[in-house]
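S.K.: With the sequence up front, the predicted model follows.
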Amino acid sequence: MRAPAQIDDLCFTPAVVLRDLTRRRELSPVEIVEAYLHRIERVDPQVNAFVTVTGEEALEHARRAERDLGKDGAEELGPLHGLPVTVKDLTSTAGVRTTFGSRHFAGNVPDTDGLIWARLKAAGAILLGKTTTPEFGEHSITESPLTGITNNPWDLERTVGGSSGGAGAAVAAGMGALATGSDGGGSIRCPASFCGVVGLKPSRGRIPIWSEQPVFDDVDVVGPMTRSVADCALMLSVVAGPHPYDPYSLLDSGTDYLALLEDASVDRLRVAFSPDLGDPPVEPAVATTVASAAAAFAELGAEVETVEMVLPDPIDYAIRWWAPAIALEFEEKVTDAGLDEGASHPEMLRIRQLAAELSAIDHVRQALTERERIHRAFADVYADHDLLIYPTTAMVAFPHPGPEGGPLEVAGVPSRNPMWENQRFTEAVSHAGFPAVTVPCGFTEEGLPVGLQITAGHGRDDTVLRAAAAFEAARPWADRRPSL
């Protein structure tokens, strides 16, 4: 067994490096899995990022992966051969319990895989475990009656955001290099920002969705969460491509997104910068750090222009859009099954009541008129610019909020609705359908990470990843680790 410091170094090694080391037979998949399991055992009691750890199964698959590396034809093995992955507990994993963060499904063991995990597994990935989520993923912080509170690795008294909070925390804490998340209003990007990792909300249809949401949901996506842009591109190369189960599948396939990062540059790109997406306030530390990131783009040769955004109220929009969908999911999974509603988070019941107060006209107005306004606002920017960059969140990770579900104020201004506050800057681009990636762009004096959101036009996942890689090279962050 390696020394603790060596184990930690291995656990924070990028997946692209681990892949190359295993292919050269300089590192064994068994060593990698053992290192992660050791760190999970040591660190996760503080963080609480895992619902289920599949230790024995992971070691068994790692031994098999090691044997396969010694056989003829090893060069034909999958691109993720022997690399561990964590999967958010909203995605089905055949033979491994999938709880949806709910007491109602604490013993649920599906017999099929969600598409994103099926593709990762087919590429040789090893399931390390399932990561925490609020019940049914329907909250902007990661806590549930089943798993309790997930803590931020940078400050255990603070939130990880939601709903892919376990995934973000696991990656940030060195408990896995590759993780899956899901994102409708910011559920990949907010936890990634709060935890100081990379999170991609791909274009809808870039990665097929099945098992996490109804297939005709045209907002929700699944995507990668990693410690580096290259690792994010590696995952996307594996899981992107059409599938007959998803009617919104984009038809292009076989793109090597990792190869596209070679010589990544923003030189001569036209970059629009919005300090607040037209909806202040923003914490001063966030505003200063993101403005510095925008200046870095200019230093790298981009033409950076500050723009004004005019969008529908993001909190009002989010409530009117999501409340009926959340209520429907609750009805289908809990009420219609005759399960005890009292086992759910109180916030679920409040959302159901809110949904009951909305009319069908209210919801359709959001789905058509207001959503068109959102799309047009972004499309107008992309008509003249290659990228639009702005803060991922208006604040850094805040102390665990308790029953309010979010911060009571931001930059001294009372929150309009604490539960939705940390997704003010992530909601709109989801409904517009454009790709968005968040990357760490600095740390506050308290040592808390700040996220920069990079967005581009329809289908330009390659563009946002190349820009993120260029920024990452200019402002590296991955050498910083939380002191757990």
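M.R.: Perfect, I can see it now.
S.K.: which stretches of the stretch 251-400 of the chain form strands?
M.R.: 270-273, 303-306, 387-391 (DSSP state E, counting those that start in this stretch).
S.K.: Of all these, which one comes closest to Leu90?
M.R.: Leu90 lies closest to strand 387-391 among the strands of the stretch 251-400 of the chain, at 26.0 Å (CB to CB). For every residue, glycine as well, the C-beta is placed using N, CA and C.
S.K.: Which stretch among the strands of the stretch 251-400 of the chain is buried most, on average?
M.R.: Mean neighbour count (mean count of other CB atoms under 10 Å) peaks for strand 387-391 among these, with a mean of 26.
S.K.: What's the local residue count around the residue nearest to Gly254 when sequence neighbours are not counted?
M.R.: Using CB to CB, 6 or more residues apart in numbering and skipping residues adjacent in sequence, the residue nearest Gly254 is Gly241, 7.0 Å away. Gly241 has 17 neighbouring residues, counting by other CB atoms under 10 Å.
S.K.: I figured Gly241 hits Asp256, correct?
M.R.: No - between Gly241 and Asp256 there is no contact under CB atoms under 8 Å: 11.9 Å.
S.K.: circling back: what's the distance between the residue nearest to Gly254 and Ser28?
M.R.: 30 Å (CB to CB, to the nearest Å).
S.K.: same question, Ala192
M.R.: Taking CB to CB, one finds Ala192 at 30 Å from Ser28.
S.K.: about what we covered before: for Arg320, find the nearest of the strands of the stretch 251-400 of the chain.
M.R.: strand 387-391 (23.0 Å).
S.K.: quick one: low-confidence ranges for this structure?
M.R.: 1, 336-345, 347-348 (pLDDT under 70).
S.K.: Tell me which residue is most central in it.
M.R.: Ile188 (2.2 Å; CA atoms, centre = their mean).
S.K.: who touches that one in this structure?
M.R.: Shown in contact with Ile188 (CB atoms under 8 Å, 6 or more residues apart in numbering): Ser164, Ala167, Gly181, Ser182, Gly199, Leu200, Lys201, Val221, Gly223, Met225, Thr438.
S.K.: if we go to 6 Å?
M.R.: Ile188 makes contacts with Ser164, Gly181, Gly199, Lys201, Gly223, as judged by CB atoms under 6 Å, 6 or more residues apart in numbering.
S.K.: So what's the residue count around Arg480?
M.R.: Counted with other CB under 10 Å, Arg480 comes out at 15.
S.K.: host element of it?
M.R.: Assigned by DSSP states H and E, Arg480 belongs to neither a helix nor a strand.
S.K.: Please enumerate the helices of the stretch 251-400 of the chain.
M.R.: 284-299, 314-330, 346-357, 360-365, 371-382 (DSSP state H, counting those that start in this stretch).
S.K.: Out of the ones you listed, which one sits most buried?
M.R.: helix 314-330 comes out most buried of these by mean count of other CB under 10 Å, with a mean of 20.
S.K.: Which strands and helices lie in contact with that helix?
M.R.: For helix 314-330, the elements it packs on are helix 346-357, helix 427-432, judged by 3 or more CB pairs under 6 Å, 6 or more residues apart in numbering; DSSP states H and E.
S.K.: The residue nearest to Gly254 looks like it's in a strand, true?
M.R.: No - Gly241 is assigned coil when assessed by DSSP: H, G, I helix; E, B strand; the rest coil, not a strand.
S.K.: give me every residue that touches the residue nearest to Leu128 when sequence neighbours are not counted.
M.R.: Spatial nearest neighbour of Leu128, excluding adjacent residues (CB to CB, 6+ apart): Pro84 at 4.1 Å. Residues in contact with Pro84 (CB under 6 Å, 6+ apart) are Val33, Tyr36, Ile126, Leu128, Gly176.
S.K.: so what's Pro84 bridging to?
M.R.: Beta-bridge partners for Pro84, by DSSP bridges, are Ile126.
S.K.: what's in contact with the longest helix seen in the chain?
M.R.: If you go by DSSP state H, the chain has its longest helix at helix 29-47. If you take CB under 6 Å, 6+ apart as the criterion, helix 29-47 is touched by 7, 10-11, 18, 22, 50, 53, 55, 58-59, 62-63, 65-66, 82, 84, 128, 151, 153, 156, 169, 173-175, 484.
S.K.: try 8 Å this time
M.R.: So helix 29-47 is contacted by 1-2, 4, 7-8, 10-11, 18, 22, 50, 53, 55, 58-59, 61-63, 65-66, 69, 81-84, 126, 128-129, 150-151, 153, 156, 169-170, 173-176, 484 (CB under 8 Å, 6+ apart).
S.K.: As CSV, the helices and strands packed on helix 314-330 with distance to Thr98 would be great.
M.R.: Shown next, in CSV, are the helices and strands packed on helix 314-330 (distance: least, CB to CB, whole Å):
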stretch, distance to Thr98
helix 346-357, 18
helix 427-432, 24
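S.K.: Would you mind telling me which of the ones you listed is nearest Asp231?
M.R.: Across the helices and strands packed on helix 314-330, closest to Asp231 is helix 427-432 (CB to CB), at 22.4 Å.
S.K.: ok, the residue nearest to Gly254 - contacts?
M.R.: Listed by CB under 8 Å, 6+ apart, the contact set of Gly241 reads Pro208, Ser249, Asp252, Ser253, Gly254.
S.K.: quick one: the fourth one and Val239 touch, right?
M.R.: No - if you go by CB under 8 Å, Ser253 and Val239 don't touch, sitting 10.8 Å apart.
S.K.: Between these two, point out the one with more neighbours.
M.R.: The residue with more neighbours, out of Ser253 and Val239, is Val239; 24 against 10, by other CB under 10 Å.
S.K.: Tell me the spacing between the more buried one and Ile116.
M.R.: Taking CB to CB, one finds Val239 at 5 Å from Ile116.
S.K.: which residues are in contact with both of the two?
M.R.: Common neighbours of Val239 and Ile116 (criterion: CB under 8 Å, 6+ apart): Ile207, Val222.
S.K.: Off-centre distance for stretch 230-250?
M.R.: Taking the mean of its C-alpha atoms, stretch 230-250 sits 15 Å from the chain's own mean (CA atoms, centre = their mean, to the nearest Å).
S.K.: end-to-end on it?
M.R.: One end of stretch 230-250 to the other measures 22 Å (CA to CA, to the nearest Å).
S.K.: cool, stretch 154-165 as well?
M.R.: This stretch, stretch 154-165, spans 13 Å end to end (CA to CA).
S.K.: buried set for that stretch?
M.R.: Trp154, Asp155, Arg158, Thr159, Val160, Gly161, Gly162, Ser163, Ser164, Gly165 (16 or more other CB atoms under 10 Å).
S.K.: shouldn't Ala240 be in contact with Ser253?
M.R.: Yes - between Ala240 and Ser253 there is a contact under CB under 8 Å: 6.9 Å.
S.K.: State the distance from the nearest residue to Phe136 once chain neighbours are set aside to Val85.
M.R.: Closest residue to Phe136 apart from its sequence neighbours, by CB to CB, 6+ apart: Phe100 at 5.2 Å. Distance of Phe100 to Val85, given as CB to CB: 19 Å.
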